[in-house]
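In: Mind folding the following:
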Amino acid sequence: MTLPHPQSAAARELVVAVSPFEEPNPAIVIAAERAGSLGLLDLGRDPGAARRAFAELARRLEGGGGRRYGVRVPPGCATGPGELPPEVDT
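Out: As a prediction, the model looks like this:
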């Protein structure tokens, strides 16, 4: 079975999955995106953890036809807008 490969946030179903507890959890984002929903990566407060999550998302979603995802920026987040990869669209 081939799943759809949405190209923008507007093309996705109205289901949003957010990684919980202010901790980057790429597995939740990957599952949501592969299901055709919007996956939001909570960046948390540890920029190293966010960078590791970005790397895992790039590696595991790369065969997904340019899959994009969103981020949640909690208070006190040390990851700046210039550090977001181009796949982040929400």
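In: In this protein, which helix is the longest?
Out: Scanning the chain for the helix with the most residues, using DSSP state H, yields helix 47-61.
In: Just the mean pLDDT for it, thanks.
Out: What helix 47-61 shows for mean pLDDT is 91.
In: packing partners for it?
Out: Identification of packing neighbours for helix 47-61 by 3 or more Cβ pairs under 8 Å, 6 or more residues apart in numbering; DSSP states H and E yields helix 26-34, strand 38-42. (Glycine included, C-beta is placed from N, CA and C.)
In: partner strands of the shortest one, parallel or antiparallel?
Out: Strands flanking strand 38-42 in the sheet, each with its direction: strand 16-18 (parallel), strand 70-72 (parallel) (DSSP bridges).
In: so where's this protein uncertain?
Out: Low-confidence segments of the chain (pLDDT under 70): 1-13, 63-66.
In: Done for today, thanks.
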